[in-house]
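A.B. asks: please work out how this folds:
(chains A and B)
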Amino acid sequence: MKFFNQTTTVLMKEILSEYKTKDVLISMLLFGLLVILMFNFAFEPDSEEIRNFGPGLLWMTFIFSGLLGMNRTFAGEKENKVLEGLMLSPISWNSIYLGKMLANLLFMLLAESIILCLFSLFFNYAIWPRIEWMAIITFLGTLGFSAVGTLLAAVSMNTRMSEVMLPILLLPLALPVILSVVLATTANFSTPTDQNSMIFWIKVLIAYDVIFITVPLMLFDYVLEE
Amino acid sequence: MVLLRKIHGSLTLLTMMGALYAIFVIAPRELTMGIVQKIFYFHVSAAWIGFFGIYVVFFCSLIFLIKGGRQWDIRAASAAEVGVIFFTLNLVSGPIWAKPVWGIWWTWDARLTTSFILWLIYLGYLMIRRLVENPEQRARLSAVVSILGSIDAPIVYMANRWWRTQHPQPVVAGDSNSGLHPDMQVALLLTLLAFTMLFFYLWKTRINLERAREDVDILQQTVQYHIKEAR
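C.D. replies: Next comes the predicted model:
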């Protein structure tokens, strides 16, 4: 119960500080929009190709804007030099990890919902008919990405080039997530929905999420120590 | 100790010469691929050592986090530096072999994709070691990264495998180990042995280098201290 309260406190603190400035959300949204724009010029947006590449493009957009948000995870503490204060407060460090991970998850999901609508708009890609499974897949994929990303944000914040190190470390490790979500989304949007394939990749996502929430929880203490 | 190193080095050299002899003289020429097939021995051995190396890094990192002790950190870092060389050899020799045999430089099947990802994880580990100043922190952070990476590697492999079996790709590579001629088996085993011995030799060399570096640092600090005292 105490752990739950501590996690909630950290989460609420993240939400509150984001609510005051809103810079993470706005930058994620703007960047997502720009990526969609770039993809529009990179690929001829006629409907046949979008059928094939749509899920991949969508998730590339989510990943790139998610990276932006992830970079800012510990930036607040670093800039204001309050990291030691956070570490000295009477909460278990695992609740810091979980609280920040849930905050990242929430911000990414918010940005993704808006980017999804914009994507559907710009590419005339009908998302609404398949929205239930889309929501589940997006949630699970973002959860896995955020779980590994938060740990690696803590790792890279100690390095000299922290903003560069995070993508270098995160993208290889998040590859199973990227593969699973793109394939699950493709299966979801194929006519008719390829249930077997989609359920299979959702199971892979769940397995990944379980492993990559447990392992960072065990390793986070070592990362935060000075 | 020095004598042991010299014996190890000489044995490694002898094994490598034996392997070269086995590859170029004993092992027969492959029917369809011809002499290009001989890359196979080096390519597979380099891959084996690359994968072996990352698990050496994983175990040393794990022991470092559990037990502590600078020695385990030095072992992990040295294994990563040596392992990445073998992995690079693997990734370079692969396309060189593939182009004349399959007609393509690269394909994204499970094994190749996993090799590439593992190589990137190695590089991420080495970058972390370059970019963190504080030695204790560097040791801990790189240990965490290597543990995450090593756990991820089998998942990447399986995910790619399932993906590829769902959408069968044109078969470009039969398993090279299926039905190997006994002379080829001898050549392969000798090369594997030679590469393994080389890995351990280079690993130990790198560890000794790191220890020597630390000794030099301590000596430098002592000298500077005495200079200050003398003033």
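
A.B. asks: who's in contact with B:Pro95?
C.D. replies: Applying C-beta atoms under 8 Å, 6 or more residues apart in numbering or on different chains, we find B:Pro95 in contact with B:105-106. Yep, even glycine has a C-beta here, placed from its N, CA and C like the rest.

A.B. asks: pull out the buried positions in whichever strand or helix holds it.
C.D. replies: Counting by DSSP states H and E, the element that carries B:Pro95 is helix B:70-102. Buried positions in helix B:70-102, judged by neighbour count with 16 or more other C-beta atoms under 10 Å in any protein chain shown: B:72-87, B:89-91, B:93-94, B:97-98, B:101.

A.B. asks: stretch A:84-104 too?
C.D. replies: Applying 16+ other C-beta under 10 Å to stretch A:84-104 flags A:86, A:91, A:93-104 as buried.

A.B. asks: so what pLDDT did residue 113 get?
C.D. replies: Reading this off chain A. For A:Ser113, the model assigns a pLDDT of 94.

A.B. asks: um, chain B though
C.D. replies: Note for B:Thr113: predicted pLDDT of 85.

A.B. asks: the worst-scoring helix or strand of chain A on mean pLDDT: how far from the chain's middle?
C.D. replies: One helix or strand of chain A scores below all others by mean pLDDT, DSSP states H and E: helix A:75-79, with a mean of 81. Between the centre of helix A:75-79 and the centre of its host chain there is 20 Å, according to C-alpha atoms, centre = their mean, to the nearest Å.

A.B. asks: now stretch B:117-133
C.D. replies: 14 Å.

A.B. asks: same question for stretch A:204-217.
C.D. replies: Relative to its parent chain, stretch A:204-217 has a centroid offset of 14 Å by C-alpha atoms, centre = their mean.

A.B. asks: so does it get close to chain B?
C.D. replies: Yes. Residues of stretch A:204-217 contacting chain B under C-beta under 8 Å from any C-beta of the partner chain: A:204, A:207-208, A:211, A:215-216.

A.B. asks: next: stretch A:71-86.
C.D. replies: No. Using C-beta under 8 Å from any C-beta, stretch A:71-86 never reaches chain B; the gap is at least 12.7 Å.

A.B. asks: buried stuff in that stretch?
C.D. replies: So for stretch A:71-86, counting by 16+ other C-beta under 10 Å, buried means A:71-74, A:76-77, A:83, A:86.

A.B. asks: and for stretch A:22-31?
C.D. replies: A:24-25, A:27-29, A:31.

A.B. asks: distance to chain B, secondary structure and pLDDT for these - can I get that in CSV?
C.D. replies: Formatted as CSV, those follow (distance: C-beta to the nearest C-beta, whole Å; DSSP: H, G, I helix; E, B strand; the rest coil; pLDDT from 0 to 100):
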residue, distance to chain B, secondary structure, pLDDT
A:Val24, 24, helix, 89
A:Leu25, 28, helix, 91
A:Ser27, 24, helix, 91
A:Met28, 24, helix, 93
A:Leu29, 29, helix, 93
A:Phe31, 23, helix, 93
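
A.B. asks: from B:Leu192, how far out is A:Ser162?
C.D. replies: Taking C-beta to C-beta, to the nearest Å as the measure, A:Ser162 falls 40 Å from B:Leu192.

A.B. asks: write out the residues of chain A neighbouring chain B.
C.D. replies: Close to chain B, as judged by C-beta under 8 Å from any C-beta, chain A has residues A:148, A:151-152, A:155, A:158-161, A:165, A:168-169, A:171-173, A:175-176, A:179-180, A:183, A:197, A:200, A:204, A:207-208, A:211, A:215-216, A:219, A:222-223, A:225-226.

A.B. asks: if any of those residues are buried, give me the PyMOL selection for them.
C.D. replies: Here is the PyMOL command that selects the buried residues among the residues of chain A next to chain B (16+ other C-beta under 10 Å):
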select buried, chain A and resi 148+151+152+155+158+159+165+168+169+171+172+173+175+176+179+180+183+197+200+204+207+208+211+215+216+219+222+223
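
A.B. asks: okay, residue 119: pLDDT?
C.D. replies: This is for chain A. Per-residue pLDDT puts A:Phe119 at 88.

A.B. asks: chain B was what I was after
C.D. replies: Reported pLDDT for B:Trp119: 92.

A.B. asks: contact partners for the closest residue to it other than its chain neighbours?
C.D. replies: Leaving aside its sequence neighbours, B:Trp119 sits nearest to B:Phe87 (C-beta to C-beta, 6 or more residues apart in numbering or on different chains; 5.0 Å). B:Phe87 is in contact with B:46-47, B:50, B:53, B:115, B:118-119, B:122, counting by C-beta under 8 Å, 6+ apart.
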